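K.L.:
sequence-free structure coming up:
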């Protein structure tokens, strides 16, 4: 995919803020001394009077954002995911979530792909944290097109929104005329009848590539992009699970509390289905080149392909084995009587 256009979703965030700023004077942007990295500095250059640098004080920044929201402003509070969702969790919960204030949280540098900054900055728990806050909308876009659309949708939504962006440039996969972004609605990127692959964020492009590899092996995979983790598109997920009978979730996040857990919550109640969760397996990250870390932690196309192929053929073997046992059992019973 070297010839594919790649853009980091943090860049998309900064550019979308500028576009929105030109249309809406009530939009203000806050940052915690990271404007160059979160890309809100792009907004600052155009609208310096509407950009507030709160310094390295993320908890205070969330309080300031909450206060601004009570005056009719629409604040986008920005920092790294580790500090936005992690350090400032209590302020987000109590000062933004509890009073249902119209604050948007732009969290960049999420996941293992932060790279060299290492485990202290690689937040693989933010989706889990934000999902637990009542009324919080959680969005994890897969590319530049989707990220821009998500920022605009967040502005229009009345209430708190958590937006998750990445540092690593990712392939643009949604640059088609019929693309439509809707909060709470998943997008079917590839039809298939054998297995359902549900991905979010950075791994969506890798999952599409893995699906093509599976197709070469005769496995027809349905690929769904879930950009909104909360509210989740339960109808689409249940329908897909019933169609294929096998589900795999793929996310650049802990397998505990993220997309995989959200999908399992739904399926366990509405359509019990075997689910394989691919993500960060209850461990911290480490320092290293982002692309190499993505491979090491099994989130590249080749690793996803191998895990799904193994699951599919194992499940098929078990199904055939059980069928044979049932056949011979029934045959024995028939001949005896």
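P.N.:
Received, thanks. Treat the numbers as computed from the prediction; the structure is a model and nothing was measured.
K.L.:
what helix or strand is residue 224 on?
P.N.:
If you go by DSSP states H and E, residue 224 is part of strand 221-225.
K.L.:
Now do the contacts for the closest residue to residue 234 other than its chain neighbours.
P.N.:
Once flanking residues are discounted, residue 234 sits nearest to residue 266: 4.9 Å by CB to CB, 6 or more residues apart in numbering. For every residue, glycine as well, the C-beta is placed using N, CA and C. With contact taken as CB atoms under 8 Å, 6 or more residues apart in numbering, residue 266 is in contact with 232, 234, 237, 238.
K.L.:
As a markdown table, those residues with distance to residue 298 and neighbour count would be great.
P.N.:
Shown next, in a markdown table, are the contacts of residue 266 (distance: CB to CB, whole Å; neighbours: other CB atoms under 10 Å):
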| residue | distance to residue 298 | neighbour count |
| --- | --- | --- |
| 232 | 24 | 20 |
| 234 | 27 | 18 |
| 237 | 22 | 24 |
| 238 | 27 | 17 |
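K.L.:
from the residues you listed, which is closest to residue 23?
P.N.:
Distance to residue 23 across those (CB to CB) is lowest for residue 232, with 29.4 Å.
K.L.:
sec struct for the closest one, please.
P.N.:
With DSSP: H, G, I helix; E, B strand; the rest coil as the basis, residue 232 sits in coil.
K.L.:
I'd assumed residue 185 was in contact with it.
P.N.:
No: applying CB atoms under 8 Å as the test, residue 232 and residue 185 come out as separate, 9.9 Å apart.
K.L.:
Specify the local secondary structure of the residue nearest to residue 234.
P.N.:
Strictly by three-state DSSP, residue 266 counts as helix.
K.L.:
Residue 129 versus that one, what's the distance?
P.N.:
Distance of residue 266 to residue 129, given as CB to CB, to the nearest Å: 20 Å.
K.L.:
quick one: strands adjacent to the lengthiest strand in the chain?
P.N.:
Among the segments of the chain that qualify as a strand by DSSP state E, the longest is strand 246-254. Using DSSP bridges, the strands paired with strand 246-254 are strand 195-199 (parallel), strand 274-280 (parallel).
K.L.:
Kindly reformat the ones you listed as JSON lines containing mean pLDDT and distance to residue 10.
P.N.:
Formatted as JSON lines, the strands paired with strand 246-254 follow (pLDDT from 0 to 100; distance: least, CB to CB, whole Å):
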{"stretch": "strand 195-199", "mean pLDDT": "98", "distance to residue 10": "19"}
{"stretch": "strand 274-280", "mean pLDDT": "97", "distance to residue 10": "20"}
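K.L.:
Wait, a helix at residue 11?
P.N.:
Yes: with three-state DSSP as the criterion, residue 11 is located in a helix.
K.L.:
That one: how many residues sit nearby?
P.N.:
Neighbour count for residue 11, taken as other CB atoms under 10 Å: 19.
K.L.:
Just give the closest residue to it, not the sequence neighbours.
P.N.:
Closest to residue 11 by CB to CB, 6+ apart is residue 39, at 5.5 Å.
K.L.:
tell me the pLDDT at the one you found?
P.N.:
With respect to pLDDT, residue 39 scores 98.
K.L.:
so how far is residue 260 from it?
P.N.:
Here residue 39 is placed at a distance of 29 Å from residue 260 (CB to CB).
K.L.:
before we move on, the earlier item: looking at the strands paired with strand 246-254, which is buried most?
P.N.:
When you average the neighbours per residue for each of those (mean count of other CB atoms under 10 Å), strand 195-199 leads with a mean of 28.
K.L.:
relative to strand 221-225, how tilted is it?
P.N.:
For strand 195-199 against strand 221-225, the angle by axes from the mean of the first three to the mean of the last three CA atoms, to 10 degrees is 20 degrees.
K.L.:
Tell me how far strand 195-199 lies from the chain's centre.
P.N.:
In this view, strand 195-199 has its centroid 14 Å away from the chain centroid, taken as CA atoms, centre = their mean, to the nearest Å.
K.L.:
need the contact list for residue 206.
P.N.:
199, 250, 294, 299, 300, 301, 304.
K.L.:
now these as TSV including distance to residue 23 and secondary structure?
P.N.:
Listed next are those as TSV, based on distance: CB to CB, whole Å; DSSP: H, G, I helix; E, B strand; the rest coil:
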residue	distance to residue 23	secondary structure
199	31	strand
250	35	strand
294	35	helix
299	36	coil
300	38	coil
301	38	helix
304	39	helix
